[in-house]
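Participant: give me a 3D structure for the following:
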Amino acid sequence: MDGLEAVDLKLSDVLENNDSERIDSEYFQKKYLNLDKIISNTLPLKNISKVTDGDHSKFPENQKKEVRYLRSKDIKNYYLDNHDPIYVSSEYAEKQKRSYITEHNILISIMGNVGDITITPDNFKKSIANRAVAIIKNIQNINAYYLFGYLITKYAFLNIERLKIGGVQLRINLEVLEQLKIPTATKRFQKMIESVIKESHKKQEQSKTLYKQAENLLLEELGLLDYAPSKQSVSVKSFSQSFGSSGRLDSEYYLPKYEQIMRSITSTKHKKLSALVDICKSIEPGSDAYQDEGIPFVRVSNLTKFGLSNPDIHLSEDIADEETLESLKPKKDTILLSKDGTVGIAYTIKDETNVITSGAILHLYLKDDAIKPEYLTLVLNSMLVQMQSERDAGGSIIKHWKPSEISEVLIPVIDEDIQLQIESKIKDSFRLKKESQNLLDLAKRAVEVAIEEGEDVAMELMQA
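Facilitator: I've put the predicted structure just below:
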């Protein structure tokens, strides 16, 4: 029996206040029973809000882009990710009133990356979501920001973990989510949590504004600030101008919009990416090597142009020898670039890391002083390179951007002073983003301290 965890419970204890109707042993692990003891004075979520989910229909293609259509993958790091948004028409959205999302709604991923969560800020533009997202709205008798602050704590995550239903794809049923126990708090404390989270949102928006200014500086320098891609679908080419020069016969490769963007790049000073960086591959150990603890394993789903999310998959320290292991960990100023799935996402590593990336992510190491790392990363994420990746990797169901194609990508090399201005704005953007995250961490920790030691101690923490 060594190493086994056993809990003895009477049937009456199991059934008492068990709204989930679960009787499996996993539901009654010690860590969950201890949770019940720590958190008192609670209300079930259904008593203070309406819990619903998103659209159950098949996503409608080829509609007017009028209303944001949110998916579970759009919820990352407690904020909405706008890297790859999709939209539906107002007419379609009008039929999905049950799935409306407005300001101060809390969104939780209930399928896929179960437990990812965010709150919509003030004046959030009406959207709808798909069925993989739970929407907590009509929140009453409790501050929505305090509720969100609790839902990002370790205690809420334990509770959510407890409520997960097994299967090939973990999920949470809405009926079970409604039973989530929410601890009560004084209005004063709730208001303080709201203030901290709103300040976090403010800094997040300032960060986005600075990043957008950096993007505009680049486009303005290249005369592309008001660029509109050509909608022509026909391009006449001779054999020597097409296959003879590129080795490609697919007609999409020669669309006028791609030629248009390439003319803009080649009209200014530029270099191939391979002339600016060394391109190195990582490893793909296979799912058999995945484990719950060890070295975090970063995949494309964990990568955005604004940073890395915490992976839920890890690798053993024994996956490679010590020297190889160190070489696989991205160092400061390494640029990560995705080549599979969602291709063309780039991010510059800010500090030394203790992670390994999947084989779908390339490591780029600068070898030319004429280019700044944050500037190059911005260009890689811009439409200048995104359209090159779209042209190269287009046509397949699962996108794959070949390293040989990536090495041929053309990068504009603009005046160093403009590069430095761009780099300054990006660094300020990431500084504000980090401050935003620190405030969110403070709100989360304050709610945890209030549960553990009382509100007075938690408020001292926020006022320090």
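Participant: longest helix anywhere in this protein?
Facilitator: With secondary structure taken from DSSP state H, the chain has its longest helix at helix 416-453.
Participant: that one packs against which elements?
Facilitator: When contacts are defined as 3 or more C-beta pairs under 8 Å, 6 or more residues apart in numbering; DSSP states H and E, helix 416-453 sits against helix 144-151, helix 154-163, helix 187-221, helix 373-381, helix 455-463. The C-beta positions use only the backbone N, C-alpha and C, and glycine is treated the same way.
Participant: out of these, deepest packed?
Facilitator: helix 144-151 (a mean of 26; mean count of other C-beta atoms under 10 Å).
Participant: quick one: that helix to chain centroid distance?
Facilitator: A distance of 20 Å separates the centroid of the chain from that of helix 144-151, by C-alpha atoms, centre = their mean, to the nearest Å.
Participant: what sits up against it?
Facilitator: With C-beta atoms under 8 Å, 6 or more residues apart in numbering as the test, helix 144-151 has contacts from 48-49, 104-106, 108, 117-119, 136, 139, 156, 182-183, 185, 189-190, 193-194, 197-198, 443-444, 446-447.
Participant: tell me what angle that helix forms with helix 416-453.
Facilitator: With axes from the mean of the first three to the mean of the last three C-alpha atoms, to 10 degrees defining the directions, helix 144-151 sits at 80 degrees from helix 416-453.
Participant: what is the orientation angle of helix 144-151 with helix 154-163?
Facilitator: 70 degrees.
Participant: beta partners of the nearest residue to R71 once chain neighbours are set aside?
Facilitator: Distances taken as C-beta to C-beta, 6 or more residues apart in numbering put N130 closest to R71, at 5.3 Å, once the chain neighbours are dropped. Beta bridges link N130 to D55 when assigned by DSSP bridges.
Participant: now do the one 5 residues further on
Facilitator: Using DSSP bridges, the beta-bridge partners of I135 come out as T52, L107.
Participant: does it touch T52 like I think?
Facilitator: Yes. If you go by C-beta atoms under 8 Å, I135 and T52 touch, sitting 5.2 Å apart.
Participant: give me the more crowded residue out of those two.
Facilitator: More neighbours surround I135 than the other of I135 and T52, with 26 against 16 (other C-beta atoms under 10 Å).
Participant: ok, that one to K65 distance?
Facilitator: 21 Å (C-beta to C-beta, to the nearest Å).
Participant: sorry, back to before: need the overlap of contacts for I135 and T52.
Facilitator: S99.
Participant: residues contacting N123?
Facilitator: Counting by C-beta under 8 Å, 6+ apart, N123 touches E103.
Participant: just E205 next, same as before
Facilitator: E205 sits next to P121 when contact means C-beta under 8 Å, 6+ apart.
Participant: thinking again about what came up before, angle of the longest helix of the chain against helix 455-463?
Facilitator: Using the same axes, to 10 degrees: helix 416-453 against helix 455-463 is 170 degrees.
Participant: pull the contacting residues for H270.
Facilitator: So H270 contacts L410, I411, P412, V413 (C-beta under 8 Å, 6+ apart).
Participant: let's see that with 6 Å instead.
Facilitator: L410, P412, V413 (C-beta atoms under 6 Å, 6 or more residues apart in numbering).
Participant: go on, I197?
Facilitator: Counting by C-beta under 6 Å, 6+ apart, I197 has contacts Y145, A443.
Participant: in the stretch 201-350 of the chain, what spans have low per-residue confidence?
Facilitator: 229-254 (pLDDT under 70).
Participant: can you show me the helices along it?
Facilitator: Here the stretch 201-350 of the chain has its helices, by DSSP state H, counting those that start in this stretch, at 243-246, 256-266, 273-276, 322-328.
Participant: next, the buried residues of the second one.
Facilitator: So that's helix 256-266. Neighbour counts over helix 256-266 (16 or more other C-beta atoms under 10 Å) mark K257, Y258, Q260, I261, M262, S264, I265 as buried.
Participant: what angle sits between the longest helix of the chain and helix 373-381?
Facilitator: 90 degrees.
Participant: so for helix 416-453, mean pLDDT?
Facilitator: Mean per-residue pLDDT for helix 416-453: 96.
Participant: report the residue ranges of every domain in this structure.
Facilitator: What automatic domain parsing lists as the domains of the chain is 11-184, 209-422.
Participant: save those as CSV, and put in distance to F430 too.
Facilitator: Output for the domains of the chain, formatted as CSV (distance: least, C-beta to C-beta, whole Å):
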stretch, distance to F430
domain 11-184, 13
domain 209-422, 7
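Participant: which one, of these, ends up nearest to G454?
Facilitator: Shortest distance between G454 and those, using C-beta to C-beta, is found for domain 11-184: 12.0 Å.
Participant: among the helices and strands packed on helix 416-453, which is nearest A228?
Facilitator: Judged by C-beta to C-beta, the one of those that comes nearest to A228 is helix 187-221, at 12.2 Å.
Participant: got the angle for the closest one vs helix 373-381?
Facilitator: Going by the same axes, to 10 degrees, helix 187-221 makes 80 degrees with helix 373-381.
Participant: quick one: helix 187-221 to chain centroid distance?
Facilitator: 16 Å.
Participant: next one: stretch 44-56
Facilitator: With C-alpha atoms, centre = their mean, you get 23 Å for stretch 44-56.
Participant: buried ones in that stretch?
Facilitator: Result for stretch 44-56 [16+ other C-beta under 10 Å]: buried residues L45, I48, S49, V51, T52, D53, G54, D55.
Participant: greatest separation within these: which pair is it?
Facilitator: Farthest apart among the buried residues of stretch 44-56 by C-beta to C-beta are I48 and D55. That separation is 24.7 Å.
Participant: pretty sure Q206 contacts F430?
Facilitator: No. With contact defined as C-beta atoms under 6 Å, Q206 does not reach F430; the gap is 11.6 Å.
Participant: ramachandran angles for the residue nearest to the spatial centre of the chain?
Facilitator: By C-alpha atoms, centre = their mean, the chain has its centre lying nearest to K76, at 3.3 Å. With angles defined as degrees, to the nearest 10, K76 sits at phi -140, psi 130.
Participant: check contacts around it.
Facilitator: Contacts of K76 by C-beta under 6 Å, 6+ apart are S309.
Participant: so what's it bridging to?
Facilitator: K76 has these beta-bridge partners by DSSP bridges: Y79.
Participant: do the same with the one 10 residues further on
Facilitator: Judged by DSSP bridges, the bridge partners of I86 are Y69.
Participant: T52 versus that one, what's the distance?
Facilitator: Taking C-beta to C-beta, one finds I86 at 20 Å from T52.
Participant: ok, E293 next?
Facilitator: Plainly put, E293 is 36 Å away from T52 if you go by C-beta to C-beta.
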